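Participant: Sequence and predicted structure, then a few things I'm wondering about:
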Amino acid sequence: MGNGIRKVKTSDLELKDRLVSIQRVTKVTKGGRTFSFSAIVVVGNEDGIVGHGLGKASEVTTAIAKGIEDAKKNLIKVPVINGTIPHEQVAKFGGAKVFIKPASDGTGVKAGGAMRAVLESVGVKNVLAKSKGSSNPHNLVKATFAALLEMRDAFSVAEHRGVSMEKVFNG
């Protein structure tokens, strides 16, 4: 139903990064255990552009830096109308299911954990969100991105159908 991936160029964008989760991971080798870190990072300009990335390294700061670089390569454009999303959306990735619903002014971002980071980075001020199923941050971020990619504003719907904006609203 969605219109595919909307890629964005990274040049001259003011991107803010948010750390979603960081995990210490272990590799068991012949000589013992080797510890390293895995970081999930979300970047966005809080005006409709957002991206997510995964960085892995032996130090926390390096893992976060790698995650930010990866996130800048995966930017998408999301329609944000009056500080909220255009319509309700349900999406799934792996075991994580997300439900996102527009909200009126003054509601705030009613979302938990990984979803909150993504929605705040995209610039949504008022939204109701619910995550069902898995609470795995990797899959929650990816499910939230899947939901945001399906978002379409009235202009893109009119363009896709080949009709005027009035016809979209009046039937």
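Facilitator: Structure's in. What do you need?
Participant: Now the closest residue to K110 other than its chain neighbours: which helix or strand?
Facilitator: Using CB to CB, 6 or more residues apart in numbering and skipping residues adjacent in sequence, the residue nearest K110 is L128, 4.9 Å away. (C-beta placed from N, C-alpha, C; glycine too.) L128 is part of strand 127-133, with elements assigned from DSSP states H and E.
Participant: and that strand, average pLDDT?
Facilitator: Strand 127-133 carries an average pLDDT of 93.
Participant: Any buried residues in that strand, and which?
Facilitator: For strand 127-133, the neighbour count (16 or more other CB atoms under 10 Å) marks 127-129, 131 as buried.
Participant: ditto for stretch 56-66
Facilitator: Neighbour-count burial for stretch 56-66 [16+ other CB under 10 Å]: 57, 63-66.
Participant: And stretch 45-52, by the same measure?
Facilitator: By neighbour count with 16+ other CB under 10 Å, stretch 45-52 contains the buried residues 45-46, 48-52.
Participant: ok, the residues you listed vs H87, which is closest?
Facilitator: The shortest approach to H87 among those belongs to G48, at 15.4 Å (CB to CB).
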